[in-house]
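# below are the sequence and a predicted model for it; my questions follow.
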Amino acid sequence: MKKRTFLAATLAATMATGAFADGHEPVKVGFIYVGPIGDGGWTYEHHQGLLAVEAEFGDKVETVYQENVPEGADAERALTQMALQGADIIFTTSFGYMDPTINVAQKFPDVKFEHATGYKRADNVSTYSARFYEGRAVQGHIAGRMTKTNKIGYIASFPIPEVIRGINSTYIHAKKANPDVEMNVIWVYTWFDPAKEADAAKALIDNGIDVVLQHTDSTAPQAAAAEAGVISFGQASDMAEYKPAPRVSSIIDNWGPYYIQRVRAVMDGSWESVDTWDGIGPGMVEIGEITDAVPADVKAEAEALRDSIAAGEYSPFTGPLNKQDGSAWLAEGEVADDGTLAGMGFYVEGITGEIPN
């Protein structure tokens, strides 16, 4: 196994080469990251997936990655350089890499691309995501049961369906657990900015919120929650350094098995363009340890909810549910279809505020 780190400041490094005894070159596997591998959240878990690929295949693969690649033109340049340097498959791990991935894939039809959380595919572009909203349901239940002020807060990144689904799922299940609960959402317009994330957490706490949830990538909200003595949940990664409190549980994105499967498909020639959207059941979304800071009865309820979702017995978006404006959305027992969830652009009834454009 050979690995080369692409630093954010340079795209000019050349990749080392290696070959098997039978003359075959190792499969070159690239990763483009929106944040640093040490963010403790989203990018950290994608990098754990890279390490899983190395552990599985050893010297049959050569891995490369670049951290801190902004979404947009910079991503297109980084992808182009990685393809030129001989990558066989490239994982592009942020929503805003969608158009750059498609654009570069058109120029390199022999390279396989895998785009996380997007929806545009091509003959050499697959898409993959996780049903994070399933984990938000579990977090919402715990939040609703544990809040003492009846106020919970949510730090949101960008107003895209993935994030809106999480907000809605959290609120639905917090409200089921506690009819008096209110939720305040702050949009920070970033995936990773510890200072902004900390400021958002402090603003929520100053407003009387005693449960902080996040769809951003750093551990800064955990630190703010620890300082204020309120509870929080790990996002994308376990954020275990904040156990047993303020972090009382977490959503863990388990990318390793998917990355291994897709790299193996390149190796054996079976790779094809597919769309993957897995959740708790298949193991792509994991619920981190629910600590003893959570009362035993609440923990048991949360685990039962997790298990019912995993078994396919319950969907977090099951009616009756109305949209924010009071119009009917799902009738009693009706389950939202994937198309609606994939394009979700509305709040459910009870959430105050507007979704930014």
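Right, received. Where do you want to start?
# count of neighbours near the closest residue to A228 other than its chain neighbours?
Nearest residue to A228, sequence neighbours excluded (C-beta to C-beta, 6 or more residues apart in numbering): I205, at 4.6 Å. Every residue, glycine included, has its C-beta placed from N, CA and C. Neighbourhood size, I205 [other C-beta atoms under 10 Å]: 21.
# quick one, what contacts I205?
By C-beta atoms under 8 Å, 6 or more residues apart in numbering, the contact list for I205 reads 153, 212, 224-225, 228, 230.
# wait, a strand at it?
No. Read with DSSP: H, G, I helix; E, B strand; the rest coil, I205 is helix and lies in no strand.
# how far away is it from A177?
21 Å (C-beta to C-beta, to the nearest Å).
# look up phi and psi at A265.
Per-residue torsions, A265: phi -60, psi -30 (degrees, to the nearest 10).
# what segments of the stretch 251-357 of the chain are helices?
256-268, 296-310, 338-342 (DSSP state H, counting those that start in this stretch).
# just put the ones you listed in TSV and tack on mean pLDDT.
Output for the helices of the stretch 251-357 of the chain, formatted as TSV (pLDDT from 0 to 100):
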stretch	mean pLDDT
helix 256-268	98
helix 296-310	98
helix 338-342	96
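# for P161, which of those helices is the nearest?
helix 338-342 (6.2 Å; C-beta to C-beta).
# list the buried residues for the closest one?
L341 (16 or more other C-beta atoms under 10 Å).
# what sits up against it?
For helix 338-342, contacts defined as C-beta under 8 Å, 6+ apart pick out 119, 133, 161, 165, 277, 317.
# same question, stretch 147-158
Residues outside stretch 147-158 that contact it (C-beta under 8 Å, 6+ apart): 95, 143-144, 163, 167, 170, 174, 178, 180-191, 197, 200-201, 204-205, 207-216, 221.
# pLDDT weak spots in the stretch 151-300 of the chain?
By pLDDT under 70, the stretch 151-300 of the chain contains no weakly predicted segment.
# could you report the separation of E25 from K243?
For E25, the distance to K243 - C-beta to C-beta - is 43 Å.
# who has more neighbours, those two?
Using other C-beta under 10 Å, the more surrounded residue of E25 and K243 is K243, with 19 against 13.
# list the contacts for the more buried one?
By C-beta under 8 Å, 6+ apart, the residues touching K243 are 289, 291.
# ok, it to G140 distance?
Separation of K243 from G140 (C-beta to C-beta) stands at 20 Å.
# cool, and D99?
For D99, the distance to G140 - C-beta to C-beta - is 32 Å.
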